[in-house]
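>>> Just a sequence and a predicted model for now, questions to come.
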There are 4 protein chains.
Amino acid sequence: MDVDDAADRQQRWEQRIEVPLFVASLLFLGGYTVVVLAHDAPVLQNLALALTLLMWLIFALDYAVRLKLSGEGLRFVRTHWLDTVVVVLPLLRPVRMVRAYNAVQRRRGEPRLSLHARVIAYASMSAVLLGYSSALAVYQQERSAPGSTIRTFGDSLWWACATLTTVGYGDVTPVTPLGRVIAVVLMGCGLALLGAVTGSFSSWLLQVFAREDEKRSPGN
Amino acid sequence: MDVDDAADRQQRWEQRIEVPLFVASLLFLGGYTVVVLAHDAPVLQNLALALTLLMWLIFALDYAVRLKLSGEGLRFVRTHWLDTVVVVLPLLRPVRMVRAYNAVQRRRGEPRLSLHARVIAYASMSAVLLGYSSALAVYQQERSAPGSTIRTFGDSLWWACATLTTVGYGDVTPVTPLGRVIAVVLMGCGLALLGAVTGSFSSWLLQVFAREDEKRSPGN
Amino acid sequence: MDVDDAADRQQRWEQRIEVPLFVASLLFLGGYTVVVLAHDAPVLQNLALALTLLMWLIFALDYAVRLKLSGEGLRFVRTHWLDTVVVVLPLLRPVRMVRAYNAVQRRRGEPRLSLHARVIAYASMSAVLLGYSSALAVYQQERSAPGSTIRTFGDSLWWACATLTTVGYGDVTPVTPLGRVIAVVLMGCGLALLGAVTGSFSSWLLQVFAREDEKRSPGN
Amino acid sequence: MDVDDAADRQQRWEQRIEVPLFVASLLFLGGYTVVVLAHDAPVLQNLALALTLLMWLIFALDYAVRLKLSGEGLRFVRTHWLDTVVVVLPLLRPVRMVRAYNAVQRRRGEPRLSLHARVIAYASMSAVLLGYSSALAVYQQERSAPGSTIRTFGDSLWWACATLTTVGYGDVTPVTPLGRVIAVVLMGCGLALLGAVTGSFSSWLLQVFAREDEKRSPGN
C-alpha cells in the first residue's frame, strides 16, 4: 500500500510539475544563450546568469521533491540515473525536455503520430537541442582560447552540425580540453540519437513501400 | 460523399499532372544548372533563369490547384507539409521527382523490383539528385566568396559526395553562412536517405544469403 | 525445354569456370599491383601489364560464352548488369571474387558459418579487396599529380581505410578528377558493404546475448 | 564421455580463472599506461614494464592450460581464434575483459539489465577500453615522430574519440606506419562495436515508445 501511495503521489507531482518544468527548461536555455552571446553587455549577461541559476535551482528542487516522495533514498539516485545526470549537467536537459513537450501536446489532444514518426521526432528534436546547447558551451570555451578556430557562434553551430552528423570536416574544431570533453559528449549522444533517426526512417520507408504494394495488388 | 468526390477529383488531377510535373522538374533542374554554370554567358543565363522561374510557377500552380480541390483550406498546408516545403524550396523537389519517375515507369509496365531494391533505388536516386542540387547551390554561393575553397563545380560535386556519405574530408568546405545552411540541409537529408540505403542493402544481403541456404539444403 | 537446357548448360559452364576465374582474378589483381608499384622497372611492368590484359580477356571471354549460352541476347546485358559492370570495370571484380571463394570452400567441405557470419565475411572481404584495388588505382592517378598529398602507396592505403570507414580525416585526399571519381565509387560501395557488416554484427551480437539468456534460465 | 570430461574440466578452469584474469587485465592496462606516460621516470617505467610483461605471461599460461584441457591440439587455435588473437595482441583484451566483468557482476547477484541494455553496455564498454588502449599505443608511436600532430596524451585521446565515432576531424592524425596500422584496427573494431550500440539503442527506443502506447491504450 505504501509503495502504491508513493508511486501515486510521485505521479501526481510529475503531472503537476510537467508544464512548469518545460517552461523552466526553455528559460534556462534562453538565459544560457544570453549569458554566452551577450558578452559585450555585462548587465544583461548578469541578469541572464541569475535567471539561468534560478532555473537550475528549480530543477534541483524538483529532483529533491521526487527523491523525497519516492521514499527510496539513495537508491533513487541510481534507479533514476538519467534524472541525476540531467540535474548535474543541465545542458543535457533537452533529452527530458522533448518528453515533456510530447506530454503537453498529448494533453492538448493533438493527433498522435505513428510509432516510427514519434521516435524520429523525439530523437531528432533531442539531437537539435543537444547540438544547440553544445554549440553554446563550446563557443563559450573556445571564443578567446589561443589558436582557436571557432571565432563566432556561427562557426560553433557549423561545427556542432558537422559533428552530430559524423561528417566531421575538421575546418573548425575545439582546441581547449573542456571544449573537447563537451565535443566527445556530443559525439556520443549524437551518434546514438542520429542512429535512432536513421534506423527508424529506414524502417518507416520500408513500411511505406510495403503498404503501397498491398493497396495496389488487391485492386488489380 | 463530398469528401469522396474531392479525393476522387484530386486523384484524377494528380494522375493527369504527374508526367508534366516530372518533365517540369527536369527542366527546372536543367535550367538551374545553366543559371549556375553559364555565368560567362549572360544571355543564356537569363533565358535559363526565365525557364527556371516558369517551372517554379507551374509547381506553385499545381500546389494551388490541389489545395483548392482538397477543400481543406489551410489544413492542407499542414497535412501535405512535404509538398509545402518542396514548393517553397524547389531544390528539394528530387524527393518528389523520384516518386513521379516510379509512377511513370509503372504505367509503362516495367517489371517491378523487390521491396528492398525499390527502397534502395528510391533513396539513392533522391540522394544523388539532392547532392547534385546542393552542389549547384553551394557552388553559386561560394564561387566568389573570399577565402572560399570551392573554386570549380567539380570541387563542389566532390564536396557534396564527401558530405552525403558522411566521410567529410574537409579539404573543401563552404565558408559563407548560406552555403553552410545548404550544407546542413544536405547533411540531414543525406544521412537519413543513405541510412535507408545502407539498412535496406543490409537486409537484402541477409535475405539473399538466407534464400541461398534454402535452395541448397532440400537438394542435398 | 529449351530454356531448361540453356539454364543447365549455363550452370555447368559456371561450375567448370569457377576455379579458373578465381585464379584469373587473383592474377589480375597481382598483375595490376605490379603495374602500379613497379614504375621503376619498365620490363617487369610491361610483363605485368600483359598478364593483366590477358586476364581481362579471359573475363571478357567468360562473359561472351555466358551471353551466348543464355540465348537471351541483349537482355542478358541488363539482367546480369553486375557481370556487365564487372567486365567493363574489372577492378570491381572483388564483389564477384568473394563469391567464387565461397563456392570453392564449400566444395572442399569446409564447415559452414552461420548466416550472419557469412554476410559479415562476404561484405568485409569485398570491402577489403575494393579498398585495396581503389588504393592502387588512386595511387597510380595521384602519384605525380601537382599538389597531390598521396605520395606513397602507404598514403593511398591509409586514405582508402579512412574513406571506407567514413572517418575521412582529410590529411591525404585525391586532387585529380579521375582520382576523385574512383574515391566516390569507393565511398558508395564501401558505405553499403560496411553498413551490411555493421548491421549483421549488431544482429549477431543481439542473438549471442539472447541465446546466453536461454541457456542459463532453464537451469535456475 | 572424454569430450564431456574435457568440457567439464575446461569450464571449471574458466570459472576459477575468471576473476584472476580480470584483475590481471586491469593490471596489464594500468602497467601499460604507466609505461607509456611515465617516459620521464625510467625506474617507474621499467617496473611497470615488468608488471605488464608478467601479466602477458599469465594470459599466455591461461591460453596454454585451456589448449591442453581441450585436448583439441592445433584445432583449438582455430576454433578459439578470438582468444588466440587476444593472446598475441593483448591490447585487444578489452573485448574479453568486459565479458569477465559481466560474469563477476552476475555472480554477485546484481539485477540483470534487459537484452538491449546489455548489448549497449557490452559494446560501449569495449569501445571505450579499445579507444583508451589505442590512444596509449598511438601516443607511444607518434610522440617523438617527425611531423607528428599528436604531441600530448590528450591529443591522442581526442583523436581516438573522433576516430571511434567516425567523425574524423583530421586535426590530429597518426603519421607513422605503425600508428596508422593501429588506427585502422581501431576504425574496424570501433565501427562494428558502435554500429551495435547505435542499432541496439534504436531498437530499444522503438520498444520503449511501443510499450508506452500499450500502457496507455487499455486505460482510455
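That came through fine.
>>> near chain C, which residues of chain A show up?
A:166-170 (CB under 8 Å from any CB of the partner chain). (Each C-beta comes from the backbone N, C-alpha and C, glycine too.)
>>> What residues does chain A have near chain D?
Counting by CB under 8 Å from any CB, chain A sits next to chain D at A:115-116, A:118-119, A:122-123, A:162-163, A:166-170, A:173, A:177, A:180, A:183-184, A:187-188, A:191-192, A:195-196, A:198-200, A:203.
>>> Does anything pack onto the strand or helix carrying A:S126? Which helices or strands?
Using DSSP states H and E, A:S126 maps to helix A:115-142. Contacts defined by 3 or more CB pairs under 8 Å, 6 or more residues apart in numbering or on different chains; DSSP states H and E place helix A:115-142 against helix A:2-37, helix A:94-107, helix A:153-164, helix A:177-216, helix D:177-216.
>>> now for the fourth one, which elements pack on it?
Contact analysis of helix A:177-216 by 3+ CB pairs under 8 Å, 6+ apart lists helix A:115-142, helix A:153-164, helix B:115-142, helix B:177-216, helix D:153-164, helix D:177-216 as its packing neighbours.
>>> isn't A:G195 right up against D:F201?
Yes: counting by CB atoms under 8 Å, D:F201 is a contact partner of A:G195 at 6.2 Å.
>>> What about A:T79, how many residues nearby?
11 (other CB atoms under 10 Å in any protein chain shown).
>>> In chain A, what residue lies closest to chain C?
Nearest residue of chain A to chain C: A:G170, at 6.0 Å (CB to the nearest CB).
>>> Look at that residue and say how many residues are nearby.
Using other CB under 10 Å, A:G170 has 26 other residues around it.
>>> Same check on A:H80?
So A:H80, with other CB under 10 Å, has 17 neighbours.
>>> Kindly report the same for the one 10 residues further on.
Here the number of neighbours of A:P90 (other CB under 10 Å) works out to 21.
>>> so how far is chain D from it?
Separation of A:P90 from chain D (CB to the nearest CB, to the nearest Å): 23 Å.
>>> returning to that earlier point: would you reformat the residues of chain A next to chain C as a markdown table and include pLDDT?
Putting the residues of chain A next to chain C into a markdown table (pLDDT from 0 to 100) gives the following:
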| residue | pLDDT |
| --- | --- |
| A:T166 | 90 |
| A:V167 | 91 |
| A:G168 | 90 |
| A:Y169 | 93 |
| A:G170 | 90 |
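>>> Among those residues, which one sits closest to B:F209?
A:T166 (28.1 Å; CB to CB).
>>> Provide the secondary structure category for the closest one.
coil (DSSP: H, G, I helix; E, B strand; the rest coil).
>>> who's in contact with A:L91?
A:32, A:133-134, A:136-137 (CB atoms under 8 Å, 6 or more residues apart in numbering or on different chains).
>>> wait, which of those residues is closest to chain B?
A:S134 (14.8 Å).
>>> That closest one and A:A162 touch, don't they?
No: counting by CB under 8 Å, A:S134 does not reach A:A162; the two are 11.9 Å apart.
>>> Find the nearest non-adjacent residue to A:A117, please.
Take A:A117 and drop its neighbours on the chain: the residue closest to it by CB to CB, 6 or more residues apart in numbering or on different chains is A:W204, 6.9 Å away.
>>> try A:D155
Closest to A:D155 by CB to CB, 6+ apart is A:V172, at 4.9 Å.
>>> pLDDT value on that neighbour, please?
pLDDT recorded at A:V172 is 92.
>>> Let me have the helices and strands packed on helix A:177-216 in CSV, adding mean pLDDT and mean neighbour count as columns.
Shown next, in CSV, are those (pLDDT from 0 to 100; neighbours: other CB atoms under 10 Å in any protein chain shown):
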stretch, mean pLDDT, mean neighbour count
helix A:115-142, 89, 22
helix A:153-164, 95, 24
helix B:115-142, 89, 22
helix B:177-216, 85, 19
helix D:153-164, 95, 24
helix D:177-216, 85, 19
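>>> so which of the ones you listed comes closest to D:V85?
helix D:177-216 (10.5 Å).
>>> Which one of the residues in chain A is closest to chain B?
A:T198 (3.0 Å).
>>> In space, what's closest to that residue - neighbours in sequence excluded?
Nearest to A:T198 is B:G195, by CB to CB, 6+ apart, at 3.0 Å.
>>> Please parse chain A into its domains.
The record's domain parsing of chain A by automatic domain parsing lists A:1-108, A:113-220.
>>> Turn those into CSV, including distance to D:L61.
Shown next, in CSV, are the domains of chain A (distance: least, CB to CB, whole Å):
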stretch, distance to D:L61
domain A:1-108, 38
domain A:113-220, 37
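>>> Out of the ones you listed, which is closest to C:L69?
Once the domains of chain A are compared by CB to CB, domain A:113-220 is nearest, at 34.4 Å.
>>> How far off centre is the closest one?
Domain A:113-220 has its average C-alpha position 12 Å from the chain's average C-alpha position, going by CA atoms, centre = their mean, to the nearest Å.
>>> what's the answer for stretch A:76-85, then?
Worked out by CA atoms, centre = their mean, stretch A:76-85 lies 16 Å from the chain centre.
>>> neighbours around A:Q10, how many?
16.
>>> any idea how far the nearest residue to it once chain neighbours are set aside lies from A:E14?
Spatial nearest neighbour of A:Q10, chain neighbours left out: A:L69 (4.7 Å); criterion: CB to CB, 6+ apart. According to CB to CB, to the nearest Å, A:L69 stands 9 Å off from A:E14.
>>> If you count surrounding residues, which of those two has more?
More crowded of A:L69 and A:E14, by other CB under 10 Å: A:L69, with 19 against 16.
>>> mind listing what the more buried one touches?
Counting by CB under 8 Å, 6+ apart, the residues that A:L69 touches are A:6, A:9-10, A:13.
>>> list the contacts for the residue nearest to A:S148 when sequence neighbours are not counted?
Spatially, and ignoring its direct neighbours in sequence, A:S148 is nearest to A:E142 (4.5 Å; CB to CB, 6+ apart). If you count contacts by CB under 8 Å, 6+ apart, A:E142 has them with A:148-150, A:156, A:174-176, A:179.
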